[in-house]
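>>> take this sequence and fold it.
(chains A, B, C and D, ligands or ions: 2)
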Amino acid sequence: MSEKPKDGSLVKEVRRGENATVVTLSGDVDLHHSPTLHAALVELAAERPKRLVIDLQEVPFMDSSGVGTFVEVFRRVSAYKGKMIFFGLSNRVRSVFEITKLDKFFTICENEQQAVTA
Amino acid sequence: MSEKPKDGSLVKEVRRGENATVVTLSGDVDLHHSPTLHAALVELAAERPKRLVIDLQEVPFMDSSGVGTFVEVFRRVSAYKGKMIFFGLSNRVRSVFEITKLDKFFTICENEQQAVTA
Amino acid sequence: MSQSNPVELKITSSPSCLAAVRGAVEEMARYEGFGEMDSHALVLAVDEALANVIEHGYSGVEGLPIEVTLSAVRSSDHRAGVCVVVRDQGKQVDPGQICGRDLDDIRPGGLGVHIIRSVMDEVEYSCPNEGGMLLRMVKYVSSASAEKPEA
Amino acid sequence: MSQSNPVELKITSSPSCLAAVRGAVEEMARYEGFGEMDSHALVLAVDEALANVIEHGYSGVEGLPIEVTLSAVRSSDHRAGVCVVVRDQGKQVDPGQICGRDLDDIRPGGLGVHIIRSVMDEVEYSCPNEGGMLLRMVKYVSSASAEKPEA
Ligand SMILES: Nc1ncnc2c1ncn2[C@@H]1O[C@H](COP(=O)(O)OP(=O)(O)O)[C@@H](O)[C@H]1O
Ligand SMILES: Nc1ncnc2c1ncn2[C@@H]1O[C@H](COP(=O)(O)OP(=O)(O)O)[C@@H](O)[C@H]1O
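Numbers count the residues shown, from 1 in each chain, chains lettered A, B, ... in the order given. Ligands and ions are numbered 1, 2, ... in the order given. Sure, this is the predicted structure:
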């Protein structure tokens, strides 16, 4: 268990590279945290990274407010022809993408290396 | 997560060998399960195994009712000069033995192999 | 756990209360013998139901009462189950109007009811005379996982 | 979570209700930023307190009411904490008599209060005029783990 990000946005770390911005989230992506997470991701998307890579390894729970947040940010990234890619999904988080049929819509990779080159 | 033992005693498996009887528990050793667990362990102790080895790998939670159960069974096993040995403790379960200062009283091993020869 | 020992949770319509409810639901499911994915599905449905009460029933106003009652039940073929009743004092809507939307239009929102209906075995909304909404839902251990425990 | 959003759990004096309470406490602690061992210590103390109500307050009789209220608090040095209030309608005992026993005599029993006092930062038993017992206890994130997150 790692420390909670201080601003409540769940964004634990942001690493900007030439090909990708990798965002590590930590905590539950739920109704409480989704609004601040949304704001943080919108800011990062505004920097127009080629790939916006979301690391979900430390996300034990996600609900439809989280899915909704990712769909909305995905629209922004797609609008400038960027890519949005996820990795590190637990079975639980993956199942939420599956139930909402978004697993085929989003790009989901096994690990960070695949994600930054996907 | 494995299936719950059917009788509510938490005893998932018992393996009897020449040097040891190994008892695998599965579930929370709490006020609800301790009485049936106690009964099951008393029966096994009555068979007078040289070592009564308790596998706690699938025990996510234990409270003082569990500690009490083990202390009582320990008395029976010691009475016929047998040994009672634990292995597979999570940090959480280990901490309960520590808080109650029983970590130094019981024999706690790293794995089954050490336990059956301890 | 027997049907006669329900656990009642009283929270307020604050998103920060959801985590504690999720924990209670998860441990109860685990205790009843649910595998990991079944218990997660139940937790997710309860979370979505509470999020809907907060957002729709109470229009996002915090501090208003929500009651969640958890009880152990059995299916007709004796599988373990958990019944969850969610009671609010918010806006009443025609239960027939509460339905998940089609998923072919990918947009945020409109997924909660779809998730609830996908993962629960029984889902019933009603409008009690005393006001507010009542949601009663049940999930049983899925037959597959009852035969073959999940990893 | 702010101090103004408590979560209330109503259970009966049945050992099978404890798991759900443990889950609620654990998730709330995690949500408040507790590390794994701090949240386990809190969960253990609440479990012991409820076991004592069932065994001593209600002499093992099932079906009698217990209320548990969880709220987020802060220490004077701003560490996150969880306050737990346990309220029963059972036997009243002099709070001064409720003390853990010495551990040098190894025997079953008599460990619950020792555990509660070891792991909680504040523990206060009282006998409300309306009857029953009230236990108020608080645990804060331990300073060590606040500096160095637990694995
Ligand atoms: N508890 C509730 N009280 C009132 N209306 C509700 C409730 N739950 C769901 N609804 C209605 O059902 C619709 C669908 O809900 P949902 O699938 O969760 O999508 P969303 O919350 O994104 O609108 C809501 O827009 C609302 O009109
Ligand atoms: N909720 C309670 N109501 C009444 N008496 C209590 C309560 N909690 C603890 N006690 C008293 O404190 C004593 C010590 O409790 P504990 O350390 O848990 O040991 P044990 O439960 O094994 O006796 C009990 O024997 C009982 O007399």
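>>> for the closest residue to C:Q92 other than its chain neighbours, grab the count of nearby residues.
Among residues not flanking C:Q92 along the chain, C:C127 sits closest, at 4.5 Å (Cβ to Cβ, 6 or more residues apart in numbering or on different chains). Backbone N, C-alpha and C define where each C-beta goes, glycine included. Neighbours of C:C127 under the rule other Cβ atoms under 10 Å in any protein chain shown: 14.
>>> what pLDDT does C:C127 get?
Among the per-residue scores, C:C127 shows a pLDDT of 97.
>>> how about the contacts made by it?
Counting by Cβ atoms under 8 Å, 6 or more residues apart in numbering or on different chains, C:C127 touches C:92-95, C:133-134.
>>> tell me how far the residue nearest the centre of chain A lies from A:V77.
The centre of chain A sits closest to A:I54, judged by Cα atoms, centre = their mean, with a distance of 3.5 Å. Between A:I54 and A:V77 the distance is 11 Å, computed by Cβ to Cβ, to the nearest Å.
>>> now the common contact residues for those two.
Counting by Cβ under 8 Å, 6+ apart, the shared contacts of A:I54 and A:V77 are A:M84.
>>> did I read that right, C:S59 in a helix?
No: judged by DSSP: H, G, I helix; E, B strand; the rest coil, C:S59 forms no part of a helix; its state is coil.
>>> what does it show for phi and psi?
The phi/psi pair for C:S59 (degrees, to the nearest 10) reads phi 50, psi 30.
>>> tell me how many other residues crowd it.
Counted with other Cβ under 10 Å, C:S59 comes out at 11.
>>> how about the one 4 residues further on?
The burial metric for C:G63, expressed as a neighbour count using other Cβ under 10 Å, is 10.
>>> same check, this time on C:P65
15.
>>> and it, bridged to which residues?
Note on C:P65: beta-bridge partners by DSSP bridges are C:T12.
>>> do I have it right that it meets C:K10?
Yes: contact criterion Cβ atoms under 8 Å: C:P65 and C:K10 qualify, at 6.7 Å.
>>> now do the contacts for residue 67.
Since no chain was named, I'll use chain A. A:96-97, A:100, A:102, C:108, C:111.
>>> try chain C instead
C:E67 neighbours (Cβ under 8 Å, 6+ apart): C:8-10, C:85-88.
>>> next, it: phi, psi?
Torsion angles, degrees, to the nearest 10, at C:E67: phi -120, psi 130.
>>> who does the closest residue to C:P128 other than its chain neighbours form a beta bridge with?
Distance criterion Cβ to Cβ, 6+ apart; nearest residue to C:P128, sequence neighbours excluded, is C:L134 at 5.3 Å. Note on C:L134: beta-bridge partners by DSSP bridges are C:R87, C:S126.
>>> likewise the one 4 residues further on?
Taking DSSP bridges, one finds C:C83, C:E122 as the beta-bridge partners of C:V138.
>>> correct me if wrong: it contacts C:V73.
Yes: the pair C:V138 / C:V73 is scored as a contact, 6.2 Å apart, by Cβ under 8 Å.
>>> hmm, the longest helix seen in chain A in reach of ligand 1?
If you go by DSSP state H, chain A has its longest helix at helix A:64-79. No: under the criterion of Cβ under 6 Å from any ligand atom, helix A:64-79 makes no contact with ligand 1; the nearest approach is 6.6 Å.
>>> give me the buried positions along that helix.
A:64-74, A:76-77 (16 or more other Cβ atoms under 10 Å in any protein chain shown).
>>> same thing with stretch A:98-106?
For stretch A:98-106, the neighbour count (16+ other Cβ under 10 Å) marks A:99-100, A:102, A:106 as buried.
>>> so in chain C, which helix runs the longest?
helix C:36-52.
>>> that helix near chain A at all?
Yes: for helix C:36-52, a contact with chain A is found by Cβ under 8 Å from any Cβ of the partner chain, at C:36-37, C:40-41, C:43-44, C:47-48, C:51.
>>> at the geometric centre of chain C, which residue do we find?
The centroid of chain C falls nearest to C:V46 when counting by Cα atoms, centre = their mean (2.9 Å).
>>> excluding chain neighbours, what is closest to it?
Per Cβ to Cβ, 6+ apart, closest to C:V46 is C:V25, 5.0 Å.
>>> what about the one you found, how many neighbours?
By the measure other Cβ under 10 Å, the count of residues near C:V25 is 30.
>>> any stretches of the chain with poor pLDDT?
Assuming you mean chain A. In the predicted model of chain A, residues A:1-8 satisfy pLDDT under 70.
>>> wait, I meant chain C there
C:1-4, C:103-109, C:144-151.
>>> rerun at 90
C:1-5, C:97, C:99-110, C:143-151 (pLDDT under 90).
>>> close to chain D: what parts of it are there?
Residues of chain C lying near chain D (Cβ under 8 Å from any Cβ): C:1-2, C:4-12, C:14, C:16-17, C:19-28, C:30-31, C:62-63, C:70, C:72.
>>> any idea how far C:V46 is from C:M133?
15 Å.
>>> same question, C:G112
Separation of C:G112 from C:V46 (Cβ to Cβ): 11 Å.
>>> cool, A:V96 as well?
Applying Cβ to Cβ to A:V96 and C:V46 gives a distance of 14 Å.
>>> just A:E110 next, same as before
For A:E110, the distance to C:V46 (Cβ to Cβ) stands at 30 Å.
>>> ditto for A:P35
For A:P35, the distance to C:V46 (Cβ to Cβ) stands at 21 Å.
>>> my read is that C:R87 contacts C:L134, right?
Yes: using Cβ under 8 Å, C:R87 is in contact with C:L134, at 5.3 Å.
>>> need the residues touching each of the two.
Shared contacts of C:R87 and C:L134 (Cβ under 8 Å, 6+ apart): C:P128.
>>> quick revisit: spit out the residues that contact C:V138 and C:V73 alike.
Contacts common to C:V138 and C:V73, judged by Cβ under 8 Å, 6+ apart, are C:81-83.
>>> what's the span of stretch A:57-70 from first residue to last?
Taking Cα to Cα, to the nearest Å, stretch A:57-70 runs 16 Å from one end to the other.
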